[in-house]
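Enquirer: Okay, sequence plus prediction incoming.
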Amino acid sequence: MLTWAFWISSALFTLALVMNFYRVLVGPTLPDRIAALDTMYVNAIGMIIIQGLWQDTNLYFEAALLIAMLGFISTVAVCKYLLRGDIIE
């Protein structure tokens, strides 16, 4: 039963990543593309955590934490660039 849950959740996260990738490519505005890219980070973190639960190892949780930090920093940097035109003041 747990194996089915892993497969179904992995398939749904993959579907969400594909839809986000579509929004990144054809997003009508730049903020829409940034929001889709940020959501892709969150979905990738979810997939990595599911993989870590499935394989029962802590390595994937550390990778998910690293991706979360990089995703947050890159989203803040891109938003600062769009608002001010400069990342470092």
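Expert: Nice, I can see it. Because the structure is a prediction, the values reported are computed rather than measured.
Enquirer: roughly how far apart are residue 65 and residue 15?
Expert: Using CB to CB, to the nearest Å, we find residue 65 at a distance of 24 Å from residue 15. In short, each C-beta sits where N, CA and C put it, glycine included.
Enquirer: wait, I meant residue 9
Expert: Distance, residue 9 to residue 15, using CB to CB: 11 Å.
Enquirer: So which residues of the chain form helices?
Expert: Along the chain, the stretches classed as helices by DSSP state H are 2-26, 30-55, 59-84.
Enquirer: tell me the most buried of these?
Expert: helix 30-55 (a mean of 16; mean count of other CB atoms under 10 Å).
Enquirer: in the chain, which segments are predicted with low confidence?
Expert: Low-confidence segments of the chain (pLDDT under 70): 89.
Enquirer: Please name the nearest non-neighbouring residue to the residue nearest the centre of the chain.
Expert: By CA atoms, centre = their mean, the chain has its centre lying nearest to residue 41, at 1.3 Å. Residue nearest to residue 41 in three dimensions, not counting chain neighbours: residue 71, with 3.3 Å by CB to CB, 6 or more residues apart in numbering.
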